[in-house]
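**Q** below is the sequence, then the predicted model.
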Amino acid sequence: MRAFLKLASGFWRGKSAKRAFFLTAVLAAFAAAVVGAQYGMNRWQKVFFDALEKKNLDGVWSAVMLLPLLVIALSIAMSGHTVSRMWFQMRWREWMTRRLAGWWIADQRYYRMSIVAREHAAPEYRIAEDVRLSIDPLTDFVIGIAMAVGTGLTFVTVLWTQGGSYTLTAFGTTITIPAYMAIAAILYGATTATAAYLTGRPLVGHVSHKNQMEAEFRAEMTRLRENGESIALIRGDEGELRSTLENYSRIVGAWMKVIRQQGVISSVYNINVAFYPVAPLLLAAPKYLAGEMTLGSVMQTAAAFSAVLSALNWFADNFVRLAEWFASVKRVDELVDTLEAVDAGVVTGPAERIDLRVSKDESIHIRDLQVAHRDGRVVVDSASTIIHPGDKVLIAGESGTGKSTLIRALAGLWPWGAGAIEMPATAEVTFVPQKPYIPRGNLRAVTSFPKEEGAYSDEAITAALRRCGVGYLAKHLTADEPWSDTLSGGERQAIAFARLILQKPGVIIMDEATSALDEDRQTLLMGLFREELAGATMISVGHRPGLEEYHDRKITLHREETGARITSRRLVRRGSLSEGVLKRMKRFLVGGGSDSRPR
């Protein structure tokens, strides 16, 4: 809890401090106004019932005329308190979300966490849901405690003055109890709070376990949805259903523990709810019958007693929410610990990290590079080479030799290993994966990504799509569709090349970027590196036939016991395209490609 509060208290520091203190002051003012209005209603009860007991018609009418003003004041105070509380919660949650989401997304931590911290499932849920479940109740708890203290102190004074002392005579002995109503309220409240703590303490662990099972179940459902096509093609329905039901059975087991503990807590709570409205009347009845208290004093004392008990029972009334809140706080703190561990590198163990540097020239320098898995097992060992500006380098090798891991290290996504990679300071580096990312939005935004929509003109986007053989998509630039589900694998890869035309990066790193293309479209798109992207440095992994024709060098990874080693050789690029290749390119370029969209 201390770690979480240290993080959350940052809302009152830095740029957000001015807003935070203003919202806190507004909320405190309305909370004080609510307590004041409640005290005014309590005083009104004494005046009204005293006048009623004395049959004082003028006094009754005066109290009745005053009531609407008190009701309006209480209504305004409570409404202002509700609005200011929600406003405060929303802004505090906004700050926390910006803090954690920015931390998670920046510097590819979301990618590294998926590798080194798989046990922390669904970090996005912790940011989207657990932050809310930790901020909103915390605000309610702090306000509730503050108002409980204020209410308790205010109405204990009423009990002290109105209840007076009580003299008890038994077995010839006379005992005088001063402020007996106030003492009785405090003892009663302390007893119920202790009972709530003892019965509710086990609930914290049960709720935390239940939330973890719920998060894992949601992650399993997400995995099923994202891999739906692959599962359907291999007829994996029965196995997935079995796995889903097994996961849900763990949720049921976790919920049963929560339900059983809730039953114990409810028993204590319901006994308290049934008894405490009657308790002040029983305590005040002897003094009223003895003529020591008026009816107004009895009603005021009863209302004050209930208010004090409500304040003292705040802990008992909110223990279930406290348990749920603490479970969410724990999950947020686990996310923070993991992010800090990713930054510090401690989750990777004692292994060294690849040193990313800025090149002194425009070349890419790989110096004694050793790429390792997170467990320290070496994948690529003692790699050294220089890639000059404009070079087109093909990385090849058997499956499992670390080709994809090597280019991820070059892209700065894989820090585990040793040695150094020096990248040009001025060159923009773009990574093209096998399955390009398709964001939400219209096709203009999809093609412009990662730039914002509007970064490129419609004419430039249309020309890029036509050049990549998918010109028929240009008429859908403003269509907001689920393009990630609509586009075929080949179309996604064509759009990735259209992005390259628009961005014109200095360094392009590709991982099987043409795997979903037929031979004709691969010829068309790889031709970009002889024309529009001729000046770019290209590093690619690929197995498709004919790729060597578009590269100057070939780096091959050879498997060895100590890790794959590389060899490099020059490739002979033909100076002009063959007649067959030219015909295939012309077929795609004229009219921007076929109007049909084969899968």
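**A** That came through fine.

**Q** show me the contacts for the residue nearest the centre of the chain.
**A** With distances taken as C-alpha atoms, centre = their mean, I127 lies nearest the centre of the chain, 1.3 Å away. By C-beta atoms under 8 Å, 6 or more residues apart in numbering, the contact list for I127 reads 97, 100-101, 104, 335. (Each C-beta comes from the backbone N, C-alpha and C, glycine too.)

**Q** domain-wise, how is the protein divided?
**A** 2-345, 355-590 (automatic domain parsing).

**Q** return the residues in contact with the nearest residue to L487 once chain neighbours are set aside.
**A** Once flanking residues are discounted, L487 sits nearest to I438: 6.4 Å by C-beta to C-beta, 6 or more residues apart in numbering. Residues in contact with I438 (C-beta under 8 Å, 6+ apart) are 446, 483-484, 487, 492, 495.

**Q** so what's the nearest residue to R19 once chain neighbours are set aside up against?
**A** Counting by C-beta to C-beta, 6+ apart, R19 lies nearest to R91, which is 6.4 Å off, once chain neighbours are set aside. Contact analysis of R91 by C-beta under 8 Å, 6+ apart lists 19-20, 23.

**Q** tell me which element R91 is part of?
**A** helix 57-105 (DSSP states H and E).

**Q** could you give the mean pLDDT of that helix?
**A** Mean pLDDT, helix 57-105: 85.

**Q** make TSV out of the contacts of I127 and add neighbour count and distance to H373.
**A** Output for those, formatted as TSV (neighbours: other C-beta atoms under 10 Å; distance: C-beta to C-beta, whole Å):
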residue	neighbour count	distance to H373
T97	15	33
L100	21	28
A101	16	28
W104	19	23
L335	22	24
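
**Q** what about S79, distance to Y472?
**A** As judged by C-beta to C-beta, to the nearest Å, S79 and Y472 stand 57 Å apart.

**Q** more neighbours: the two, which one.
**A** Y472 (17 against 12; other C-beta atoms under 10 Å).

**Q** tell me where the stretch 251-400 of the chain is predicted with low confidence.
**A** 269, 272-274, 276-277, 290, 308-320, 323, 341-352, 374-376 (pLDDT under 70).

**Q** could I get the pLDDT score of the residue lying closest to S328 once chain neighbours are set aside?
**A** Using C-beta to C-beta, 6+ apart and skipping residues adjacent in sequence, the residue nearest S328 is L133, 3.8 Å away. Looking at L133, its pLDDT is 75.

**Q** mind checking the SS state of L133?
**A** What DSSP: H, G, I helix; E, B strand; the rest coil gives for L133 is helix.

**Q** the one 3 residues further on too?
**A** Three-state assignment for D136 (three-state DSSP): helix.

**Q** so who does it touch?
**A** 89, 93.

**Q** ok so, going back, distance check, the residue nearest to the centre of the chain against W104.
**A** 7 Å.

**Q** find residues that contact each of the two.
**A** Joint contacts of I127 and W104 (C-beta under 8 Å, 6+ apart) are L335.

**Q** so which residues of the chain form strands?
**A** With DSSP state E as the criterion, the chain has strands at 166-170, 173-177, 355-358, 364-372, 378-387, 392-397, 417-423, 429-432, 507-511, 537-541, 553-558, 565-570.

**Q** which one of the contacts of I127 is nearest R201?
**A** R201 has its nearest neighbour among the contacts of I127 in L335, at 24.9 Å by C-beta to C-beta.

**Q** let me know how buried the closest residue to that closest one other than its chain neighbours is, in neighbour terms.
**A** Distances taken as C-beta to C-beta, 6+ apart put R126 closest to L335, at 4.7 Å, once the chain neighbours are dropped. For R126, the neighbour count with other C-beta under 10 Å is 25.

**Q** so that it lines up with my notes, have the first residue be 30 from now on.
**A** That works, and once the first residue is 30, the last one we named lands at R155.

**Q** you'd agree R155 is up against D362?
**A** No - using C-beta atoms under 8 Å, R155 is not in contact with D362; the gap is 9.7 Å.

**Q** can you tell me which residues contact L435?
**A** Counting by C-beta under 8 Å, 6+ apart, L435 has contacts 400, 408-409, 412, 424, 586.

**Q** hang on, I meant R469
**A** Taking C-beta under 8 Å, 6+ apart as the definition, contacts of R469 comprise 511, 513.

**Q** and it, how far from P511?
**A** Distance from R469 to P511, by C-beta to C-beta: 8 Å.

**Q** and K239, by the same measure?
**A** 33 Å.

**Q** same check, this time on M452
**A** Taking C-beta to C-beta, one finds M452 at 36 Å from P511.

**Q** more crowded one of these two?
**A** M452 (21 against 9).

**Q** and that one, what pLDDT?
**A** We have a pLDDT of 86 for M452.

**Q** got a pLDDT number for A54?
**A** In this model, A54 carries a pLDDT of 92.

**Q** got a quick ChimeraX command for the buried subset of the contacts of R120?
**A** To isolate the buried members of the contacts of R120 in ChimeraX, using 16 or more other C-beta atoms under 10 Å:
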select :48,49,52
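
**Q** and the contacts of R120 as JSON lines, adding distance to L96?
**A** Shown next, in JSON lines, are the contacts of R120 (distance: C-beta to C-beta, whole Å):
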{"residue": "R48", "distance to L96": "38"}
{"residue": "A49", "distance to L96": "38"}
{"residue": "L52", "distance to L96": "33"}
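
**Q** just the closest of the contacts of R120 to A493, please.
**A** Nearest to A493 among the contacts of R120, with distances taken as C-beta to C-beta, is R48, at 43.4 Å.

**Q** and the gap between the closest one and E123?
**A** 10 Å.

**Q** do L36 as well
**A** 15 Å.

**Q** same thing with V63?
**A** Taking C-beta to C-beta, one finds V63 at 25 Å from E123.

**Q** so for the two, which sits in the more crowded spot?
**A** V63 (22 against 15).

**Q** OK, contacts around the spatially closest residue to that one that is not a sequence neighbour?
**A** Leaving aside its chain neighbours, V63 sits nearest to A106 (4.6 Å; criterion: C-beta to C-beta, 6+ apart). Applying C-beta under 8 Å, 6+ apart, we find A106 in contact with 59, 62-63, 65-66.

**Q** swap in F355?
**A** 30, 233, 236-237.

**Q** of these, which pair is most distant in space?
**A** Across the contacts of F355 (C-beta to C-beta), the longest gap, 14.7 Å, separates M30 and V236.

**Q** out of those two, which sits in the busier spot?
**A** V236 (24 against 11).

**Q** can you give me the distance of that one to L368?
**A** From V236 to L368 the distance is 24 Å (C-beta to C-beta).

**Q** before we move on, what about R386?
**A** Taken as C-beta to C-beta, the span from R386 to L368 is 25 Å.

**Q** the more surrounded of those two?
**A** Comparing R386 with L368 by other C-beta under 10 Å, the one with more neighbours is L368, at 21 against 13.

**Q** name the nearest residue to the more buried one, ignoring sequence neighbours.
**A** That would be W132: by C-beta to C-beta, 6+ apart, it lies 5.4 Å from L368.
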